[in-house]
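**Student:** Sequence plus the predicted model coming up.
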Amino acid sequence: MGISTELGRTHEIDLPGGRIRYHDIGEGSPVLFVHGLLVNADLWRKVVPGIAAAGYRCLTPDWPLGSHQIPVPDASLTVPGVVDLIASFLERLDLTDVTVVANDTGGALTQVLMTSHPARIGRVVLAAVDSYEAFMPPPFNVFPLLAKIPGSMRPVTEVARIRALHSTPLVFGSIAKRPLPPEIADSYLVASRESGAIRKNLRLFLKNAKSRYTLEAASHFGSVEIPVLVVWAREDKIFPMSYAERLTRDLPHATLKIIDDSYTFIPEDQPELLTESILEFTRLHATP
């Protein structure tokens, strides 16, 4: 579970298939954050305070992607199943005109969400995300193959136990330009290491993480009326800039913002620039 007090009060909500923990802070138009694989709400700890201070309600759930603390044994952990969880979250809290902010794997989920459940979404920010054929991108495309083997997640989580490896490409080195604080790395990694039920959730999601879902979503981009901000790291080692340009070209109401001095984890590496970009975008596309 996210440990950062900056994210606001912790709540739990029962959704079809499982219970989700989330943080809630601020008042005003809602902003929903969608993190990616093997991280949780703490990814947004340096972004949420600035968004909330600007007059928005920030909701940061721990989605069941391997760094959550409440197992969801009855949830469908396919891509459509997790997208349905996100849509159910919006519905249960009766959130409308929502700004959805996504990073990494969360961006793949958000592309499926905005092409299949667009009604409650007002605008979308895709900050360095899986898309098209790059879901899962190299070198992480080995994970869906490993996930077919029962028990395969345990060795992966044991390797991640070694702090000396955290800044290497084996763990965070290719996605975060700067070392993560130890307590944040633990927030991301300990749950899957200590809980067999969490590892099972992770393995089920990875087994079903296939690019056919992002390619199918992309086939509907031409009819997306939602404004989209594509934020990309110029130095990204996982997602080439060509994917950002392709998203911007294929989504009718998309614009591109390039961030320097960052890898994929823009909320970790350049939170201030990401916050400024989100606020500028939401103000530009505010509902009258």
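**Tutor:** All right, it came through fine. Numbering: from 1, shown residues only.
**Student:** can you count the residues close to Glu280?
**Tutor:** 12 (other CB atoms under 10 Å). C-beta here means a position set from N, CA and C on the backbone, and glycine is covered the same way.
**Student:** And the strands in the stretch 151-288 of the chain?
**Tutor:** Using DSSP state E, counting those that start in this stretch, the strands of the stretch 151-288 of the chain run over 228-233, 254-259.
**Student:** The nearest residue to Val101 once chain neighbours are set aside: what's it in contact with?
**Tutor:** Nearest residue to Val101 in three dimensions, chain neighbours excluded: Val125, at 4.4 Å (CB to CB, 6 or more residues apart in numbering). Val125 is in contact with 99-102, 228-229, 231, 277-278, 281, counting by CB atoms under 8 Å, 6 or more residues apart in numbering.
**Student:** taking the residues you listed one by one, which sit in helices?
**Tutor:** 277-278, 281 (DSSP state H).
**Student:** Now pLDDT too, for the residues you listed, in a markdown table please.
**Tutor:** What follows is those, written out as a markdown table (pLDDT from 0 to 100):
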| residue | pLDDT |
| --- | --- |
| Ser277 | 98 |
| Ile278 | 98 |
| Phe281 | 98 |
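**Student:** Select only the buried ones of the residues you listed in ChimeraX?
**Tutor:** A single ChimeraX command selects the buried members of those (16 or more other CB atoms under 10 Å):
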select :277,278,281
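**Student:** so which of the ones in helices among the contacts of Val125 comes closest to Tyr188?
**Tutor:** Taking CB to CB as the measure, Ile278 is the one of the ones in helices among the contacts of Val125 closest to Tyr188, at 22.1 Å.
**Student:** That closest one: what's it in contact with?
**Tutor:** 31, 47, 51, 99, 101, 125, 229.
**Student:** between those, which is nearest Asp186?
**Tutor:** Nearest to Asp186 among those is Val47, at 20.2 Å by CB to CB.
**Student:** Distance check, the closest one against Gly66.
**Tutor:** In this view, Val47 and Gly66 are 21 Å apart by CB to CB, to the nearest Å.
**Student:** Can you tell me what sits against stretch 197-215?
**Tutor:** Outside stretch 197-215, the residues that touch it by CB under 8 Å, 6+ apart are 37-38, 64-66, 68-69, 71-73, 75, 77-80, 82, 105, 108, 111-112, 130-136, 143-144, 146-148, 150, 152-154, 157, 191-192.
**Student:** before we move on, the earlier item: adding distance to Glu12, write the ones in helices among the contacts of Val125 out as CSV.
**Tutor:** Converted to CSV, the ones in helices among the contacts of Val125 look like this (distance: CB to CB, whole Å):
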residue, distance to Glu12
Ser277, 31
Ile278, 26
Phe281, 30
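**Student:** Break down this protein into its helices, ranges please.
**Tutor:** Ranges of helices in the chain, per DSSP H, are 48-53, 79-92, 105-116, 142-146, 153-159, 182-194, 196-207, 211-218, 241-250, 266-269, 271-284.
**Student:** Sitting in strands, which of the contacts of Ile278 do you find?
**Tutor:** If you go by DSSP state E, the contacts of Ile278 have 31, 99, 101, 125, 229 in strands.
**Student:** got a list of what the first one touches?
**Tutor:** Pointing back at Val31 there. 51, 56-59, 98-101, 278, 282.
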